[in-house]
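Student: return atomic coordinates for the entry below.
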Amino acid sequence: MKDNSKYYLADHYSWVKTETGTFACAHKTADGLVYSVLSQDQHTLLEGNAPYTEFKKNDKLVDSPSAAHIYRMQCPNLWDCIGTNIIRQVIRANQAKNMYRTFSKSIGEKVSLTGNVHYYLFPSLQRVLEVSDSAYQRMGMSFKKDALRNAARFILEHADRLEKIQAPDLLDELMKIRRIGSWTARATVADYTNELATYPYGDAAIRLYAREALPRHEWPKEEAAFIQELHKVAGAENMSSSIATLIMIHETRRDQ
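Tutor: All right, here's what the predicted structure looks like:
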């Protein structure tokens, strides 16, 4: 039975809509395949073994009724998190999402989930390194290949150490990778740990989501001023729940 008090976020690019209208997400980990399947309205977790973080809705950012409890999958594969945010660099969200899925479908491993759903995992570290320049060009990803390869080599070299590092130190480690800056590192840590306060919430997407959540509020256009105003409106101590709330509002309004 649908529980309208709950809402499961499907904002990470690894979520795909299946032929039946449900949403599915999967990742390969050292312990095996981690996956989840959501209902069409995203109010119900149908099946899965992926870890989730629960966020309480920030009522200061909602001017209409919505779910009180928000759940977001903690992406358990650091490489997938880094690769996703490298793909997101510079380009528009829709273009980045299409690129992520084309990349996965072209060279990622195909697995079967519940209900005979066929799913393409994000390409492995080794696969990213062995694919030719011409293959990247055919996928429209020539601009991304160097950063992806740099990150893949770094993770392979430091895998044991990276698994034990906590969020603040992980942020510093990721910025040692060539072509990984503050925005990419912070978005990666947010996806990997679900500490959404780490997310670079002054970026264009969050500014758009805030205007959708409170359209009558005068949100500053300039990034630094926007961050200051978001702290003021939402409460600086509530940024993880605030970002989760903004994503939920964006997703529900987009699907209306």
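
Student: quick check: buried residues in stretch 216-224?
Tutor: residue 219 (16 or more other Cβ atoms under 10 Å). For the C-beta atoms, the positions are set from N, CA and C on the backbone; glycine is no exception.

Student: residue 155: neighbour count?
Tutor: 17 (other Cβ atoms under 10 Å).

Student: now it. Nearest residue, chain neighbours left out?
Tutor: residue 79 (5.4 Å; Cβ to Cβ, 6 or more residues apart in numbering).

Student: cool, residue 146 as well?
Tutor: Nearest to residue 146 is residue 179, by Cβ to Cβ, 6+ apart, at 6.5 Å.

Student: just checking, that neighbour touches residue 145?
Tutor: No. Using Cβ atoms under 8 Å, residue 179 is not in contact with residue 145; the gap is 10.6 Å.

Student: the more surrounded of the two?
Tutor: Using other Cβ under 10 Å as the criterion, residue 179 and residue 145 rank with residue 145 on top: 18 against 14.

Student: OK, contacts around the more buried one?
Tutor: 133, 136 (Cβ atoms under 8 Å, 6 or more residues apart in numbering).

Student: swap in residue 186?
Tutor: 171, 198-200.

Student: show me the contacts for the residue nearest to residue 155.
Tutor: By Cβ under 8 Å, 6+ apart, residue 79 lies in contact with 122, 124-125, 151-152, 155.

Student: tell me the mean pLDDT for the helix of greatest length in the chain?
Tutor: Ranked by residue count, the top helix of the chain under DSSP state H comes out as helix 145-162. For helix 145-162, mean pLDDT rounds to 94.

Student: going on from it, what's the next piece of helix or strand?
Tutor: Later in the chain than helix 145-162, the nearest helix or strand by DSSP states H and E is helix 167-174.

Student: buried stuff in the next helix or strand after that following helix?
Tutor: As assigned by DSSP H and E, the chain's next helix or strand after helix 167-174 is helix 182-193. Buried residues in helix 182-193, counted by 16+ other Cβ under 10 Å: 184-193.

Student: same check on stretch 166-183?
Tutor: 170-171, 173-174, 177, 180.

Student: ok, back up a step: pull out the buried members of the contacts of residue 79.
Tutor: Neighbour-count burial (16+ other Cβ under 10 Å) applied to the contacts of residue 79 gives 122, 124-125, 151-152, 155.

Student: closest to residue 19 out of those?
Tutor: residue 122 (20.7 Å; Cβ to Cβ).

Student: got a list of what the closest one touches?
Tutor: Applying Cβ under 8 Å, 6+ apart, the residues contacting residue 122 are 14, 27, 77, 79-80, 83-84, 100, 103-104, 108.

Student: what are the contacting residues of the helix or strand of the chain with the lowest mean pLDDT?
Tutor: Lowest mean confidence among the helices and strands of the chain (mean pLDDT, DSSP states H and E): helix 167-174, at a mean of 86. Helix 167-174 has contacts (Cβ under 8 Å, 6+ apart) with 82, 158, 162, 165, 180, 184-186, 188-189, 192-193, 195, 198.
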